[in-house]
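1. Fold the following, please.
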Amino acid sequence: MERFFRLLQFPLQKRWFLWALLVINILGSAYGFYWYRFQLAETPWYYLIFVPDSPLSSSLFCVALTLILARKPNSLIQLWAYLWAIKYGIWAVIINGDVAYSYTAMFSRENLMLALSHAGMALEGFIFLRHLNFNVRQLGIVAAWLFINDFVDYVLNQHPFLFAPSQLALAQAAAVTLSLGLIIIARYFLQRQNMLA
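-> As a prediction, this is how the structure comes out:
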């Protein structure tokens, strides 16, 4: 157990761990795009980058891990990947948790699998965010993307398909609250980083 907690404290020191996460995220991304296949088939091409939030975030996480493994890390890509993974990891847990609570008869093993896998996605984002050095310009770029994505999802109505129409208000509130909350958390990490510098 002590080795496990040490691994979580220093994840960048174990290349086997990075490789394992890369494989897991590649498989998760592939399944995620498959899961979105029907929505993507009817989405205009210019909205495609905004619709499959979870598989896009795990794909970006794969890019970040690949750059780390190649010893060419990019802090902007990493920050983007980590915050995006946390946001849509938690968002999916909320939406699938709502199915379990409000639509019990609809809740399935797929909902449970989606909730657990997205919880892992959020957890990996938090684990790596704690070790990232980034600057305020990079945070501004990622913050802008988070809010642009929310605008396209809930103002232009390109959000991921929900399990029930009545989940829309919850999905919208969760997305915007998570964007704001993650920017505040990242700002805290940035201030702490500057204090320790």
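
2. in what helix or strand does the spatially most central residue of the chain lie?
-> Here the mean C-alpha position of the chain is nearest to the C-alpha of Ala85 (C-alpha atoms, centre = their mean), at a distance of 1.6 Å. Per DSSP states H and E, Ala85 falls inside helix 75-102.

3. now do Leu114
-> Leu114 is part of helix 109-129 when elements are defined by DSSP H and E.

4. The following helix or strand past that helix versus helix 75-102: what angle between them?
-> In the C-terminal direction, the helix or strand that comes right after helix 109-129 (DSSP H and E) is helix 136-154. Angle of helix 136-154 versus helix 75-102, following axes from the mean of the first three to the mean of the last three C-alpha atoms, to 10 degrees, is 40 degrees.

5. related to what we said a few turns ago, if you average pLDDT over the helix holding Ala85, what comes out?
-> This predicted structure assigns helix 75-102 an average pLDDT of 95.

6. So what touches stretch 20-29?
-> Under the criterion C-beta atoms under 8 Å, 6 or more residues apart in numbering, residues Pro55, Ser58, Ser59, Phe61, Cys62, Leu65, Thr66, Leu69, Ser117, Met121, Glu124 lie in contact with stretch 20-29. Using the backbone N, CA and C atoms, a C-beta is placed for each residue, glycine as well.

7. ok, now which ones touch Leu156?
-> Leu156 neighbours (C-beta under 8 Å, 6+ apart): Tyr47.

8. mind redoing it with 10 Å?
-> Tyr47, Phe50 (C-beta atoms under 10 Å, 6 or more residues apart in numbering).

9. Where does it fall, secondary structure wise?
-> Here Leu156, judged by DSSP H and E, is contained in no helix and no strand.

10. Give me the phi and psi angles of it.
-> The main-chain torsion angles of Leu156 are listed as degrees, to the nearest 10 and equal phi -90, psi 0.

11. Let me know the pLDDT of it.
-> On pLDDT, Leu156 comes in at 96.

12. so how far is Leu69 from it?
-> Applying C-beta to C-beta, to the nearest Å, the value for Leu156 to Leu69 is 36 Å.

13. Over to Trp45?
-> Distance of Trp45 to Leu69, given as C-beta to C-beta: 32 Å.

14. okay, those two: which has more neighbours?
-> Taking Trp45 and Leu69 together and counting by other C-beta atoms under 10 Å, Leu69 has the greater number of neighbours (13 against 7).

15. which residues touch that one?
-> When the contact criterion is C-beta under 10 Å, 6+ apart, the partners of Leu69 are Arg15, Leu18, Trp19, Leu22.
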